[in-house]
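**Q** Here is a sequence with its predicted model. Questions after.
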Amino acid sequence: MILALHLAAQCAVIIRVLLRPHRDPASRVAWVVLALAVPVVGMLAYLVLGETNIGRRRAARMQRVLAELPEAARMGLAEGAAAPAIPERLEGLFRVGQSISGYGPVGGNTARLIGDSNASITAIVADIDAATRHVHLLFYIWLPDGNGLRVAEALKRAAARGVACRAVADDIGSRAMIRSPHWAAMAAAGVRLARALPLGFPILRTLDGRIDLRNHRKIIVIDNRITWCGSQNCADPEFLPKAKFAPWVDAVMRFEGPIARQNQHLFASDWMSWGDDDLRDILLEPPGPDAAGGIIAQVVASGPTERHSAMPEMFQSLIYAARRELVISTPYYVPDEAMQAALRAAGNRGVATSIIFPARNDNFAVAAASQSYYADLLEAGVRIHEYQGGLLHTKSLTLDGEVTLIGSANMDRRSFDLNYENNILLYDAEATAAMRALQESYIARSRPVLPADVAAWPWHRQLRNNIASVLSPVL
């Protein structure tokens, strides 16, 4: 009787794995094998971690908020204004971006790249101190360390002079700040606070959705005209929770112009899902007249409740669009088969393709899985560099000296399927040259990985890497 119940439960889980929509074949196979090889553990693991589900009530609230907000496609465009002119060869990239989160490309922006974590916090604090109307922040990780407290104090100063300050922090990523006295002190000073995806009681939480779906975004919007986008969390580069991998090496861009309206809309969708007031009036304010020229930019945001395969499509579209040069930096590379094929195709068709990883990764399993793809990439002519100066955390892509993608999304399955991410896609030679120069500085501090290096790896390292790769759809 017990055996029959066990087999019935095992069959039910396997059927559910096979019937779930939007699951790639490798993921299905991995979960079926796990359920067959270690039945009890495998079935429990699937029930807890196998489905991308934030909970019915949470999903319904987020969908209701999005339905109430002004149309995303008009964010940043003046009344009656047309979308900016983009070269025909690049139009498809921005169409993919718009299909993901609804935001169209907008012109008239300026951008300044900052590749030093402490300098970026200094500049962010200066913007907060200069704010006159509102400051909106969202961070995945916000630590009560030097830089984290500099931002907290700036928010308290802004609130004291009557600026509306709202801050969202992921409930797991920022738990150290949320549980510290500084969180309560900000609230007492008039800063409105919200926790994204609150964990609650973990066991009960698993009954209504996965507990590891997180808000990985990093958004700052000030006075509806300034916004920041990049990889940096609100923390010191020494990053004390994982100090042995420090410093964390990040890059962010400071934008002024209509693109701030799109990040404002994105922040509002998060705030109204987890916060306590309505931001529609801010979004309905008419934008100023279009500035002549300037950078063309577009917010590309994704998440587990958004369109499936969003970020993989964006990355793959950019990779296939490359004609001369493609340079990528990412700390976490666990691609699906289509993305690995796209990078190989870039190298095989003669595009100068380089990808920069950290030499030491804070995630052992991800590092091993990443290395399992090295041989195929090198065989196709892709140049691999391992950064030696800390944990390279910058997520960047430059294309043919004219297109840049910067933001929070990694090239791994967590960013593809589980995390809420935000990025900005831009078309501008000068801004791309700045990012390309920063990428080149990373390469200068990196060790090239050669085919002979990979061939010399002992068999047990190759075995470890390949096991991690096979398990990556589960992990």
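**A** Yes, it's here.
**Q** Could you find the closest non-adjacent residue to Asn107?
**A** Careful, residue 107 is Gly; it's not Asn. In space, and not counting its chain neighbours, Gly107 is closest to Pro84: 3.5 Å by C-beta to C-beta, 6 or more residues apart in numbering. (Glycine included, C-beta is placed from N, CA and C.)
**Q** isn't there a helix covering that neighbour?
**A** No. In this structure, Pro84 is coil, not part of a helix, as judged by DSSP: H, G, I helix; E, B strand; the rest coil.
**Q** Now do it: how many residues are near it, please.
**A** Close neighbours of Pro84, defined as other C-beta atoms under 10 Å, add up to 22.
**Q** wait, what's in contact with it?
**A** 105-108, 296 (C-beta atoms under 8 Å, 6 or more residues apart in numbering).
**Q** switch to 6 Å and redo it
**A** By C-beta atoms under 6 Å, 6 or more residues apart in numbering, the contact list for Pro84 reads 105, 107, 296.
**Q** okay, those in CSV with distance to Ala67, pLDDT and neighbour count next?
**A** Conversion of the contacts of Pro84 to CSV gives the following (distance: C-beta to C-beta, whole Å; pLDDT from 0 to 100; neighbours: other C-beta atoms under 10 Å):
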residue, distance to Ala67, pLDDT, neighbour count
Pro105, 24, 95, 27
Gly107, 28, 93, 24
Ile296, 28, 96, 23
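**Q** Closest to Ile467 out of those residues?
**A** Proximity of those to Ile467, judged by C-beta to C-beta, is greatest for Pro105, which lies at 42.5 Å.
**Q** Give me the buried positions along the longest helix seen in the chain.
**A** The helix spanning the most residues in the chain, taking DSSP state H as the definition, is helix 2-19. Of the residues in helix 2-19, 10, 13-14, 16-17 count as buried by neighbour count, 16 or more other C-beta atoms under 10 Å.
**Q** Leu279: which of those is nearest?
**A** Using C-beta to C-beta, Arg16 comes nearest to Leu279 of the buried residues of helix 2-19, at 38.5 Å.
**Q** Run through the stretch 1-150 of the chain and note the low-pLDDT ranges.
**A** Judged by pLDDT under 70, the stretch 1-150 of the chain has its weakly predicted residues at 1-3, 6, 9, 13, 21-24, 35, 37-51, 80.
**Q** all strands for it, in order.
**A** 106-114, 134-139 (DSSP state E, counting those that start in this stretch).
**Q** Tell me where the stretch 301-450 of the chain has helices.
**A** In chain order, the stretch 301-450 of the chain shows helices spanning 310-321, 337-348, 364-371, 374-379, 413, 429-444, with DSSP state H, counting those that start in this stretch as the criterion.
**Q** any idea of the mean pLDDT in the last one?
**A** What it means is helix 429-444. Helix 429-444 comes out with an average pLDDT of 98.
**Q** Over to the fifth one?
**A** The average pLDDT within helix 413 is 85.
**Q** Show me how far that helix is from its chain's centre.
**A** Going by C-alpha atoms, centre = their mean, to the nearest Å, the spacing between the C-alpha centre of helix 413 and its chain's C-alpha centre is 11 Å.
**Q** which residues touch stretch 224-232?
**A** The contact list for stretch 224-232 (C-beta under 6 Å, 6+ apart) reads 117, 120, 127, 220-221, 250-256, 260, 263-264, 393-395, 406-407, 424.
**Q** Sort out which residues of that stretch are buried, please.
**A** 224-232.
**Q** how about CSV for those residues, with secondary structure added?
**A** Compiled in CSV, the buried residues of stretch 224-232 are given as follows (three-state DSSP):
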residue, secondary structure
Asn224, coil
Arg225, coil
Ile226, strand
Thr227, strand
Trp228, strand
Cys229, strand
Gly230, strand
Ser231, coil
Gln232, coil
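**Q** and these as CSV, adding distance to Asp145?
**A** CSV is the format used below for those (distance: C-beta to C-beta, whole Å):
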residue, distance to Asp145
Asn224, 30
Arg225, 29
Ile226, 24
Thr227, 24
Trp228, 19
Cys229, 22
Gly230, 19
Ser231, 17
Gln232, 13
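**Q** thinking again about what came up before, give me the subset of the contacts of stretch 224-232 lying in helices.
**A** When DSSP H is applied, those are split such that 117, 120, 127, 260, 263-264 fall in helices.
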